[in-house]
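Undergrad: quick one, what's the 3D model for this:
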Amino acid sequence: MSSVADIRIDAVPEYCADESRPSENRHVFRYTITVHNGTDETVQLLARYWKITQGSGDEQEVRGKGVVGKQPLIAPGESFRYTSRAVLDMPVGVMQGAYTFCDATHARTFEVAIAPFRLAGPHQVH
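TA: You can find the predicted model right below:
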């Protein structure tokens, strides 16, 4: 059986200046997530958990089924990529979380952590 370490999750954040309104404390970030299935089994992404920490220290937790309205099946050696958004009231923050998967062969559910990644508007060094 494959290990959880064989599922890799990469995150690429981007500040959306055209959608942000700093004077209204609205900072929009787009992030692209790529899930790489390095196991020898098909897996299904069932659920997500995010913890979003603003520069002020305020935290928000988000839980839900799948991602962007999907619960994708990811075959061995394949990847699944999607883009979503987060809206913060500060120009800096951090996102981290976990995805819950099920392997198609054994119907075993398992969680894979998503390492923290930084959200930062232009000219932010926080």
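
Undergrad: contact partners for Pro76?
TA: 37, 39-42 (Cβ atoms under 8 Å, 6 or more residues apart in numbering). Every residue, glycine included, has its C-beta placed from N, CA and C.

Undergrad: any stretches of this protein with poor pLDDT?
TA: Across the chain, the ranges flagged by pLDDT under 70 are 1-3, 124-126.

Undergrad: tell me which residue of it is furthest from the middle?
TA: Ser23 (27.2 Å; Cα atoms, centre = their mean).

Undergrad: picking that back up, of the contacts of Pro76, closest to Arg108?
TA: Glu41 (9.2 Å; Cβ to Cβ).

Undergrad: and the spatially most central residue of the chain, what helix or strand is that in?
TA: Nearest residue to the geometric centre of the chain (Cα atoms, centre = their mean): Ile33, 5.7 Å. Remark: Ile33 resides in strand 27-37, with elements defined by DSSP states H and E.

Undergrad: which strands and helices lie in contact with the helix or strand following that strand?
TA: Sequence-wise, the next helix or strand downstream of strand 27-37 (DSSP H and E) is strand 43-54. With contacts defined as 3 or more Cβ pairs under 8 Å, 6 or more residues apart in numbering; DSSP states H and E, strand 43-54 has these neighbours: strand 59-65, strand 73-74, strand 79-88, strand 92-103.
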